[in-house]
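*Asks:* Have a look at this fold, sequence not included:
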């Protein structure tokens with residue numbers, strides 16, 4: 001099957017997600033001259049949604065696989081599904097965001113992240129490990145871009161050029177890497193718990209007000225099953241519970257690679273690596289049915305720059321699958337989101353535990 005952007009599918013992601021957009025097309029067009037003389041092994045793609053960038057590059061290069069990093073697991077699975085559909089499985093290689101991903105790269109195509117800290121981590125890593133003549137093509141939708149992104153790139157590149165806008169999209173082109181560095185997580189201490197966070201993780205190393213309210217009210221877990229920190233972010237909830245309850249085993253899960261790296265760093269910083277298992281997973285798919293008694297969740301409601309109202313209900317449903325009968329899901333949410341009917345329907349009888357001017361904490365009992 002010949003590769004076509006219009007034939008890309010987003011089956012692995014949420015309903016309504018586009019498999020590509022105008023920013024992808026502009027990135028491909030602006031980077032085309034730089035890619036012409038390069039082997040695919042010289043090209044790295046970061047932040048691709050469904051494979052529009054990586055598979056376009058792979059389809060035009062028959063040699064080494066294109067190295068790819070995508071933070072959400074759903075994006076990685078969408079890339080894999082599209083690669084299979086076009087017979088390009090061996091032409092792309094998913095990798096962690098580390099030095100090996102960027103080693104010797106001469107062209108980097110990337111979708112600009114929302115977070116400036118995430119962009120700073122990426123820019124420093126590229127400057128540290130890519131070839132000295134690397135060209136970085138960083139694009140996005142204009143409504144999600146800011147002048148501060150240019151400034152962040154200039155921290156690690158001698159020149160940053162800005163392309164003309166097209167279809168409400170734009171590309172920044174950075175050259176001349178300098179002062180490269182590997183990402184180092186931010187660190188802060190809250191109530192005796194050290195929190196570590198790489199760029200782009202929700203709330204960074206801070207303790208957001210919703211999570212604080214949840215932690216103030218979480219019950220003591222029993223010793224029958226591990227405590228589960230679902231959509232764990234920096235891992236602060238799981239780490240705090242492990243610090244409070246010596247001997248407690250914690251299972252923390254998130255689909256974000258940056259969140260998993262942060263939660264593992266948080267576990268290490270608090271001496272909890274032997275009691276805190278952190279996995280990158282779609283919800284709790286690696287856990288069997290009816291295997292948990294207590295799950296804590298602060299559900300995200302953004303996917304990239306867009307609000308996605310389908311994220312929380314899908315997490316509630318999987319939590320219900322994993323809970324034993326009588327087990328409880330403790331959830332904190334922005335009160336305006338009104339999740340209680342969905343929790344009642346998907347998990348079981350739900351009671352309010354606490355509420356402040358912005359957030360609500362509930363406990364749902366598995367039927």
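*Replies:* Nice, I can see it. Computed from a prediction, not measured in an experiment: that's the story for all the values here.
*Asks:* quick one: the strands in the stretch 151-300 of the chain?
*Replies:* Ranges of strands within the stretch 151-300 of the chain are 157-162, 169-177, 186-190, 193-197, 227-230, 250-254, 276-280, 292-297, based on DSSP state E, counting those that start in this stretch.
*Asks:* what would those strands look like in TSV with mean neighbour count, mean pLDDT and distance to residue 39?
*Replies:* The C-beta positions use only the backbone N, C-alpha and C, and glycine is treated the same way. Below are those laid out as TSV (neighbours: other CB atoms under 10 Å; pLDDT from 0 to 100; distance: least, CB to CB, whole Å):
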stretch	mean neighbour count	mean pLDDT	distance to residue 39
strand 157-162	14	98	23
strand 169-177	21	98	19
strand 186-190	15	98	36
strand 193-197	25	98	36
strand 227-230	27	98	42
strand 250-254	27	98	34
strand 276-280	21	98	30
strand 292-297	25	98	45
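*Asks:* Quick one, which of those gets closest to residue 266.
*Replies:* Closest to residue 266 of the strands of the stretch 151-300 of the chain is strand 193-197 (CB to CB; 4.7 Å).
*Asks:* Report all helices and strands that the closest one contacts.
*Replies:* strand 186-190, helix 236-244, helix 257-269 (3 or more CB pairs under 8 Å, 6 or more residues apart in numbering; DSSP states H and E).
*Asks:* before we move on, back to that, with respect to residue 243, which of the strands of the stretch 151-300 of the chain lies nearest?
*Replies:* In terms of CB to CB, the element of these nearest to residue 243 is strand 193-197, at 5.5 Å.
*Asks:* and the closest one, how far from the chain's centre?
*Replies:* 18 Å (CA atoms, centre = their mean, to the nearest Å).
*Asks:* List the pairing partners of that strand within its sheet, with orientation.
*Replies:* Strand pairing for strand 193-197, determined by DSSP bridges: strand 186-190 (antiparallel).
*Asks:* Any idea which of the strands of the stretch 151-300 of the chain gets closest to residue 110?
*Replies:* strand 169-177 (9.6 Å).
*Asks:* and the angle from the closest one to strand 157-162?
*Replies:* Between strand 169-177 and strand 157-162, the angle comes out at 160 degrees (axes from the mean of the first three to the mean of the last three CA atoms, to 10 degrees).
*Asks:* mind checking how far strand 169-177 is from the chain centre?
*Replies:* 23 Å.
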